[in-house]
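*Asks:* only the shape, not the letters, is given here:
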């Protein structure tokens, strides 16, 4: 069991950090003699763990391929295409782009052949671009420059003679401008309205606002997330109380305390309190151990490994079948017996602590799936304290009855007796765990690009599961261990009504209804085979300066989005959050919407050189320009990235990233609008 737990949580905390693309994909360039007066430019890429890069051949309409560009070639000419060699690309079906894509993980090697026509004046300058992605975000295809001179040519190279390309001829030569913002006044927004900005206007719009953005705080709802995970732990702790593994332990354990201290009720209350605190310490320690082993950085991203999610899906399915009476999962009896012996051989606080440990072991068959699910959910909050806080909420709810009933022992008489109703509770939890297990299968499906659990299939399964649960609560279905139901208690009828109403609520989702309350659980709308038509967004600018000029004319704040054609999560946000009627109407009515694609391949009229941290970078495409704007002005380059700014380019709200919660996005927009109106 220890090995299983270590393996499980090892997969859980696969993570990535938000760092620059150059750190995610590092390159090493060299020249090798290919014979016959030719050389190979060898480009070796090392990809950070958890990320992948695309192959050089990508179908039209797909993400950005890995590519090579030459700014200058003298004394040589290209032969053939830039292509991968050695390790073959892994073929991955991408559900968003609906195509097969070649990707590389860990490392890759690419080659571009050159025919050398003159060793003395040999000079090559260019760059390689590669888009790196993980399961949460994608980097823009930023250029990584390389250059070679005659001294870099292999000593063994022999040039036979000149070819049709004259020596010294430049294959590509583009003028360079030093101002990173003011390269053109041409309108490329697609709006049809010429825009003219002064140099002062441009300088202000491109000025960094990193400090101002940090001062507004991060829009990660960290406090709300911690409260949310605590409340979830509390609710699941109360749910665990009424399982057959825990409920009978309440009167037994409390009676033991009272009998142990018949002459001193104060001592009985003290022991019960220590017992309750021991329960809390055990479960909170579990959460802290998980965090300490794997580190706070491992909690930054959702665990989207297909392998881990398949493992957890299988575990939850197993627990669900166990809850429904197919079999019983218990820990080895030797473990419980060992804890019992520790209780008998120790006294005082240590004895009470081992009693609490015994409760944790005895109740494992009921609390195990709840604890595992809670820890997974806590890990997705990206906060160091989340697992421990979730366990605190769970243990606090679990410890409450033991302490209260020890203080007020007469309450024990009011507790419902153990009976078949406990089995019904366990079966209901089994249905819920079965439904939740599909969430993990869905994550594995999206990450692996298998396309086996689209949104409509997921919803169809949920409709069947919750429909069967409703019929079970009405007594139309019997499971192993259930007694004959002569009448339906009012509370059970109320639960059946809620369950069947929820089932009916799910049905419109088969035709594309957004189902906003559960949008973070079900697969994204983009995986739906059939969906209702959505109204398109109104006016959208794809040029920063044109959009800002229009905002100045209309007196509206600006919603600025940095996205990418090859950014999967950008497509998810478009299909779920921005397609929501409330979001669309709010943006159309109150904002000027600017969407900048950092991987747009359209060449700029002139190559731009900019200084970044003492290093000169060349901006060759429109995407380079917008990527530089995001890095330079806002200090980040992950996509999707949203920020509300005023007409001078100053931030009005904390930045917003990938989050499929519509309510959170509306709150982000309203915060910016409120600050603008001030």
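*Replies:* On my side now, so go ahead. What you are looking at is a predicted structure, and each value in this text was computed from that prediction instead of being measured. Residues are numbered from 1 along each chain as shown.
*Asks:* show me the helices in the stretch 1-150 of the chain, by range?
*Replies:* With helices called from DSSP state H, counting those that start in this stretch, the stretch 1-150 of the chain shows them at 2-12, 21-24.
*Asks:* residues of stretch 655-672 that come out buried?
*Replies:* Across stretch 655-672, burial judged by 16 or more other CB atoms under 10 Å covers 655-660, 662, 664-665, 667-669, 671-672. No exception for glycine: its C-beta is placed from N, CA and C like everyone else's.
*Asks:* please list the members of those that lie in helices.
*Replies:* Applying DSSP state H to those, the entries found in helices are 662, 664-665, 667-669, 671-672.
*Asks:* could you export these as JSON lines, including pLDDT and distance to residue 403?
*Replies:* Converted to JSON lines, those look like this (pLDDT from 0 to 100; distance: CB to CB, whole Å):
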{"residue": "662", "pLDDT": "85", "distance to residue 403": "41"}
{"residue": "664", "pLDDT": "87", "distance to residue 403": "37"}
{"residue": "665", "pLDDT": "90", "distance to residue 403": "42"}
{"residue": "667", "pLDDT": "90", "distance to residue 403": "38"}
{"residue": "668", "pLDDT": "91", "distance to residue 403": "42"}
{"residue": "669", "pLDDT": "92", "distance to residue 403": "45"}
{"residue": "671", "pLDDT": "90", "distance to residue 403": "42"}
{"residue": "672", "pLDDT": "91", "distance to residue 403": "47"}
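*Asks:* list the contacts for residue 488?
*Replies:* Shown in contact with residue 488 (CB atoms under 8 Å, 6 or more residues apart in numbering): 473-475, 496.
*Asks:* circling back: out of the ones in helices among the buried residues of stretch 655-672, who's nearest residue 405?
*Replies:* Set against residue 405, the nearest of those by CB to CB is residue 664 (40.2 Å).
*Asks:* okay, that closest one and residue 129: tell me how far apart.
*Replies:* 33 Å (CB to CB, to the nearest Å).
*Asks:* how about residue 205?
*Replies:* Look at residue 205 and residue 129: by CB to CB, they are 26 Å apart.
*Asks:* who's more crowded, the two?
*Replies:* More crowded of residue 205 and residue 129, by other CB atoms under 10 Å: residue 129, with 23 against 20.
*Asks:* read off the pLDDT value for that one.
*Replies:* With respect to pLDDT, residue 129 scores 87.
*Asks:* tell me the one of the buried residues of stretch 655-672 nearest residue 286?
*Replies:* Nearest to residue 286 among the buried residues of stretch 655-672: residue 659, at 28.1 Å, using CB to CB.
*Asks:* any chance of the buried residues of stretch 655-672 in JSON lines, plus distance to residue 537?
*Replies:* Formatted as JSON lines, the buried residues of stretch 655-672 follow (distance: CB to CB, whole Å):
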{"residue": "655", "distance to residue 537": "20"}
{"residue": "656", "distance to residue 537": "17"}
{"residue": "657", "distance to residue 537": "20"}
{"residue": "658", "distance to residue 537": "18"}
{"residue": "659", "distance to residue 537": "19"}
{"residue": "660", "distance to residue 537": "17"}
{"residue": "662", "distance to residue 537": "15"}
{"residue": "664", "distance to residue 537": "19"}
{"residue": "665", "distance to residue 537": "14"}
{"residue": "667", "distance to residue 537": "19"}
{"residue": "668", "distance to residue 537": "17"}
{"residue": "669", "distance to residue 537": "13"}
{"residue": "671", "distance to residue 537": "20"}
{"residue": "672", "distance to residue 537": "17"}
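*Asks:* the domain parsing of this protein - what is it?
*Replies:* 18-156, 213-218+539-677, 242-418 (automatic domain parsing).
*Asks:* leaving out the residues flanking it, which one is nearest to residue 527?
*Replies:* What sits nearest to residue 527 in space, not counting adjacent residues and going by CB to CB, 6 or more residues apart in numbering, is residue 454, at 4.3 Å.
*Asks:* confirm for me that the one you found is in contact with residue 530.
*Replies:* No - if you go by CB atoms under 8 Å, residue 454 and residue 530 don't touch, sitting 10.1 Å apart.
*Asks:* which of those two has more neighbours?
*Replies:* residue 454 (19 against 8).
*Asks:* quick revisit: who touches the residue nearest to residue 527 in this structure?
*Replies:* Applying CB under 8 Å, 6+ apart to residue 454 gives the contacts 95, 523, 527-529.
*Asks:* ok, those vs residue 608, which is closest?
*Replies:* residue 95 (36.2 Å).
*Asks:* in the contacts of residue 488, find the pair that's most separated.
*Replies:* Greatest spacing in those, by CB to CB: 475 and 496 (9.0 Å).
*Asks:* residue contacts, residue 41?
*Replies:* Applying CB under 8 Å, 6+ apart to residue 41 gives the contacts 29-31, 68, 111-114, 124, 146, 148.
*Asks:* what bridges to residue 45?
*Replies:* Note on residue 45: beta-bridge partners residue 27, residue 108, judged by DSSP bridges.
*Asks:* quick check: it touching residue 105?
*Replies:* No - using CB under 8 Å, residue 45 makes no contact with residue 105, being 10.7 Å away.
*Asks:* higher neighbour count, those two?
*Replies:* The residue with more neighbours, out of residue 45 and residue 105, is residue 45; 21 against 15, by other CB under 10 Å.
*Asks:* look up how far residue 573 lies from the more buried one.
*Replies:* As judged by CB to CB, residue 45 and residue 573 stand 28 Å apart.
*Asks:* next: residue 515.
*Replies:* For residue 515, the distance to residue 573 - CB to CB - is 17 Å.
*Asks:* between these two, who's got more neighbours?
*Replies:* Taking other CB under 10 Å, residue 515 and residue 573 do not tie; residue 573 has more neighbours (26 against 17).
*Asks:* tell me which element the more buried one is part of?
*Replies:* helix 568-576 (DSSP states H and E).
*Asks:* likewise residue 227?
*Replies:* Judged by DSSP H and E, residue 227 forms part of helix 222-241.
*Asks:* kindly report the same for residue 553.
*Replies:* helix 544-554.
*Asks:* tell me which strands and helices that helix is in contact with?
*Replies:* Applying 3 or more CB pairs under 8 Å, 6 or more residues apart in numbering; DSSP states H and E, we find helix 544-554 packed against helix 199-206, strand 558-563, strand 592-597.
*Asks:* same for the last one, what does it pack against?
*Replies:* Helices and strands in packing contact with strand 592-597 are listed as strand 540-541, helix 544-554, strand 558-563, helix 622-629; criterion 3+ CB pairs under 8 Å, 6+ apart.
*Asks:* between helix 622-629 and the helix or strand where residue 610 lies, find me the angle.
*Replies:* Counting by DSSP H and E, the element that carries residue 610 is strand 603-612. Here the directions of strand 603-612 and helix 622-629 differ by 30 degrees (axes from the mean of the first three to the mean of the last three CA atoms, to 10 degrees).
*Asks:* give the other helices and strands that strand 603-612 contacts.
*Replies:* Applying 3+ CB pairs under 8 Å, 6+ apart, we find strand 603-612 packed against strand 176-177, strand 615-621, helix 622-629.
*Asks:* name the stretch among the ones you listed that sits most buried.
*Replies:* Mean neighbour count, computed with mean count of other CB atoms under 10 Å, is highest for helix 622-629 among these, reaching a mean of 24.
*Asks:* got a list of contacts for that helix?
*Replies:* Outside helix 622-629, the residues that touch it by CB under 8 Å, 6+ apart are 140-143, 180, 183, 188, 206, 544, 562, 564, 596-604, 608, 610, 612, 617-619, 637.
*Asks:* buried ones among those residues?
*Replies:* Burial by neighbour count, judged by 16+ other CB under 10 Å, picks out 140-143, 180, 183, 188, 206, 544, 562, 564, 596-600, 604, 608, 610, 617-619, 637 from those.
*Asks:* in TSV: the contacts of residue 488, plus neighbour count, secondary structure and distance to residue 398.
*Replies:* Formatted as TSV, the contacts of residue 488 follow (neighbours: other CB atoms under 10 Å; DSSP: H, G, I helix; E, B strand; the rest coil; distance: CB to CB, whole Å):
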residue	neighbour count	secondary structure	distance to residue 398
473	26	helix	25
474	17	coil	30
475	17	coil	30
496	19	helix	27
